[in-house]
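> could you work out the structure for the sequence below:
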Amino acid sequence: MPRPTNSTSVNRPDLGQLAYEYLLGASQRGFIGTRVMPIFPVGEQFAQYPVIPIEAMLKLPETKRAARGAYNRGDWQFEMDNYACEEHGWEEPLDDTEARLYQRFFDAEEISTMRAMDILLRNQEKRIADKLFNTSNFTAHDVTNEWDDSTNATPYSDVHDGSESMRKDVGVYPNALIISKKVFDNVMQTNELQDYIKYTNPVLIQGMEAQRRLLSQYLDVEVIIGDAIYDSADKGQSFSVTDVWDSEYGMLARIATRAQDLREPCLGRTFLWTTDSPSKVVVEQYREEQIRSSVYRARQYTDECFVFTGAGYLLSNLTQ
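Predicted coordinates for the structure are as follows:
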């Protein structure tokens, strides 16, 4: 395989295709961050973006027009906020000797690329989860009975009440419930849900996706399940599996349905600086002769921003 000269970075569209396929399967690995805060391409690294004040949508102005008179007109203005995309990336060196030793077992290029992408995306998932499940950004609303209390939990009422609160507070209904896999499993075991399905639907033996669709139908919002994990132990300590999405919380949210329309009231967007990062993940390769290795890099230039925090309603006390 031709190799680039030392320190010359070369875009690898073939590995970029691998990255695209990897991203398509992100939800199967529990990555939901950019579903909750969809990608919005921008041409500048940092700039202002318009935020629609909620009062501009809910006012009831006079629409009556007199003969020969002018129509009344809107005079509200956008509020402005700022985004500033930052670069994130990870590199995986592949030693020539290792590549030859392991070539009969696996494609070392693909493994190096996938590892770099996974680290990059897992960090992005953590950034988004930390923004959403955060009592500094949202008021926490405790449910009366934790959702792992199968006998007494009332997830339908909790979600319905939260939806009505959003409508009264900001004038929009949520279209999604964001929860961890652990919370999802707990809800599926509640007496309330078991009573709902026991005579009509054998969904518990049909797999997770069938269960997710049923719960979405029951709660009247799309249930989005975060199942990403990470090792929270410090370097050198024993491995410690930790959920990216905290099982103490869940969020009712209005998430964007029109990818390129900033006028849509929604929780947030992931701004992607396409001048330097034309795709969600850019894959590159360069040569380091001093270690006789090819280095595979995955990188992105993003800022995960709230567009309208009123479009998020934080449920808390979901797990004991």
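> check which helix or strand covers residue 214.
Element membership for residue 214 (DSSP states H and E) is helix 208-219.
> which of the residues in that helix are buried?
211-212, 214-215, 218-219 (16 or more other CB atoms under 10 Å). No exception for glycine: its C-beta is placed from N, CA and C like everyone else's.
> just the residues you listed now: which is nearest residue 233?
If you rank the buried residues of helix 208-219 by distance to residue 233 using CB to CB, residue 212 comes first, at 30.6 Å.
> quick check: the closest one vs residue 223, distance?
Taking CB to CB, to the nearest Å as the measure, residue 212 falls 5 Å from residue 223.
> so what sits against both of those two?
Listed as contacting both residue 212 and residue 223 by CB atoms under 8 Å, 6 or more residues apart in numbering are residue 184.
> what's the neighbour count on residue 148?
If you count neighbours by other CB atoms under 10 Å, residue 148 ends up with 17.
> in the stretch 201-320 of the chain, which spans are strands?
Under the criterion DSSP state E, counting those that start in this stretch, strands of the stretch 201-320 of the chain are mapped to 222-226, 229-231, 241-243, 250-253, 268-273, 282-288, 293-306, 312-316.
> most tightly surrounded among these?
Among the strands of the stretch 201-320 of the chain, the stretch with the highest mean neighbour count (mean count of other CB atoms under 10 Å) is strand 250-253, at a mean of 28.
> could you dump that strand to PDB, C-alpha only?
The C-alpha coordinates for strand 250-253 follow below in PDB (Å, rounded to 0.1, in the frame of the first residue of the first chain):
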ATOM      1  CA  GLY A 250     -34.900  11.200  32.300                       C
ATOM      2  CA  MET A 251     -35.800  14.100  30.000                       C
ATOM      3  CA  LEU A 252     -38.900  15.000  28.200                       C
ATOM      4  CA  ALA A 253     -37.800  17.100  25.200                       C
END
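> show me what it is packed up against.
Here strand 250-253 touches helix 155-170, strand 176-180, strand 312-316, going by 3 or more CB pairs under 8 Å, 6 or more residues apart in numbering; DSSP states H and E.
> tell me, how many residues neighbour residue 290?
Residue 290: 7 surrounding residues under other CB under 10 Å.
> swap that for residue 69, please
Look at residue 69: counted by other CB under 10 Å, it has 8 neighbours.
> how about residue 87?
Using other CB under 10 Å, residue 87 has 12 other residues around it.
> next: residue 45.
Residues near residue 45, counting by other CB under 10 Å, number 17.
> ok, it touching residue 272?
No: with contacts counted by CB atoms under 8 Å, residue 45 stays clear of residue 272, the gap being 10.7 Å.
> common neighbours of these two, please.
Common neighbours of residue 45 and residue 272 (CB under 8 Å, 6+ apart) are 85, 301.
> relative to residue 194, how far out is residue 188?
Separation of residue 188 from residue 194 (CB to CB): 8 Å.
> compare those two (neighbour count), which wins?
The residue with more neighbours, out of residue 188 and residue 194, is residue 188; 20 against 12, by other CB under 10 Å.
> contacting residues around residue 240?
The contact partners of residue 240, by CB under 8 Å, 6+ apart, come to 231-233.
> wait, which of those residues is closest to residue 148?
Nearest to residue 148 out of the contacts of residue 240 is residue 232 (CB to CB; 21.3 Å).
> over to the residue nearest to the spatial centre of the chain: give its phi and psi.
In the chain, the centroid-proximal residue (CA atoms, centre = their mean) is residue 33; its distance is 1.1 Å. Phi and psi for residue 33, reported as degrees, to the nearest 10, are phi -50, psi -50.
> mind listing the strands for the stretch 1-150 of the chain?
Taking DSSP E, counting those that start in this stretch as the criterion, the stretch 1-150 of the chain contains strands spanning 10-11, 39-42, 46-51, 79-84, 86-95, 140-142.
> just those: most buried one?
strand 39-42 (a mean of 19).
> which elements pack onto it?
If you count contacts as 3+ CB pairs under 8 Å, 6+ apart, strand 39-42 packs onto strand 268-273.
> give the pairing partners of the strand it packs on; include direction for each.
When sheet partners are counted by DSSP bridges, strand 268-273 sits next to strand 39-42 (parallel), strand 293-306 (antiparallel).
> reformat those as TSV; add distance to residue 319 and mean pLDDT.
Converted to TSV, these look like this (distance: least, CB to CB, whole Å; pLDDT from 0 to 100):
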stretch	distance to residue 319	mean pLDDT
strand 39-42	31	94
strand 293-306	25	94
